[in-house]
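Enquirer: below is the sequence, then the predicted model.
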Amino acid sequence: MSRQVHELFPDPRVIVLTARIDERAIATLSERERAATGRMREKRLREYAAGRALARDALERFFGVRGFDLLNGEDRAPIWPDGIAGSLSHCDTRAWVALVEASWGTIGIDGEHRAGLERHLWEHTMLPEEIADLDARPPEARGLAALARFSAKEALYKAQYPRSRTFMGFHALHVALERQDALRCTFQETVGPFAEGFVAEGRWRASETGELLSAVWIPRA
């Protein structure tokens, strides 16, 4: 059963739903969605189906769109209904979907289910100044802070891609963890319509059940 996540985005018009990964969602896939799964392994199929079930639920309940087949384009990005911007994420325990009218802007979400980001991955995903900030934190807080940064970069990629259609590497973005749960994401190079220095904001939160969820938004100017 899905539930709504509140206060992750600053505007209540952004709808976020989440549900546990459940194999029963596989039965809800449409014929076209099922055909697109190819030879997915059982775990990946459960996660894919959970995301599609959430998207179908949100589109019908909040946007009046019924029976929509959520397929991926050749670039593997979901193709949302005209006039709607969305983002999907899943980990091994939960799936999430975020939707808003496309006139508002674009959004990205990312969910992770692990205690922190392993140290050997920091240099592959973080800038030197980001690593310095992590090292300045208490040892017990570093892994979670690193994971929040990693997740924010994943979410930002999803928010920018519908407008740039451009690949963006981890080092093209600097993420600052501000206040309790705020994110400040600054482009380190020009990516499509986003100039070097462009800033997108976001939020992150860790749940009592061990998932970390981040959200980034890029409103229309």
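Expert: Alright, I've got the coordinates.

Enquirer: what number of residues lie near E112?
Expert: By other C-beta atoms under 10 Å, the residues close to E112 number 22. All C-beta atoms are positioned from the backbone trio N, CA, C, and that covers glycine.

Enquirer: identify the bridge partners of the closest residue to it other than its chain neighbours.
Expert: Nearest non-adjacent residue to E112, counting by C-beta to C-beta, 6 or more residues apart in numbering: L212, 4.7 Å away. Beta-bridge pairing for L212 (DSSP bridges): E112, A206.

Enquirer: kindly report the same for N72.
Expert: Beta-bridge partners for N72, by DSSP bridges, are P78.

Enquirer: verify the contact between it and T37 for me.
Expert: No - applying C-beta atoms under 8 Å as the test, N72 and T37 come out as separate, 10.6 Å apart.

Enquirer: hey, where'd the helices end up in this protein?
Expert: 31-35, 42-63, 122-125, 128-135, 139-164 (DSSP state H).

Enquirer: what angle separates the fourth one from helix 139-164?
Expert: Put plainly, it is helix 128-135. 150 degrees (axes from the mean of the first three to the mean of the last three C-alpha atoms, to 10 degrees).

Enquirer: return the set of buried residues in helix 128-135.
Expert: Residues of helix 128-135 classed as buried under the neighbour-count rule (16 or more other C-beta atoms under 10 Å) are 130-131, 133-134.

Enquirer: out of the residues you listed, which is nearest to G197?
Expert: Of all the buried residues of helix 128-135, G197 sits closest to E130, with 16.7 Å by C-beta to C-beta.

Enquirer: surely that closest one and H171 touch.
Expert: No - using C-beta under 8 Å, E130 is not in contact with H171, being 9.5 Å away.

Enquirer: okay, now the domains of the protein?
Expert: Using automatic domain parsing, the domains assigned to the chain come out as 3-103, 117-208.

Enquirer: minimum distance to D110: which of the ones you listed has it?
Expert: domain 117-208 (3.9 Å).

Enquirer: now that closest one: average pLDDT?
Expert: Throughout domain 117-208, pLDDT has a mean value of 97.

Enquirer: span of that domain from start to end?
Expert: Domain 117-208 stretches 18 Å from its first residue to its last (C-alpha to C-alpha, to the nearest Å).

Enquirer: same question, stretch 132-140
Expert: One end of stretch 132-140 sits 15 Å from the other (C-alpha to C-alpha).
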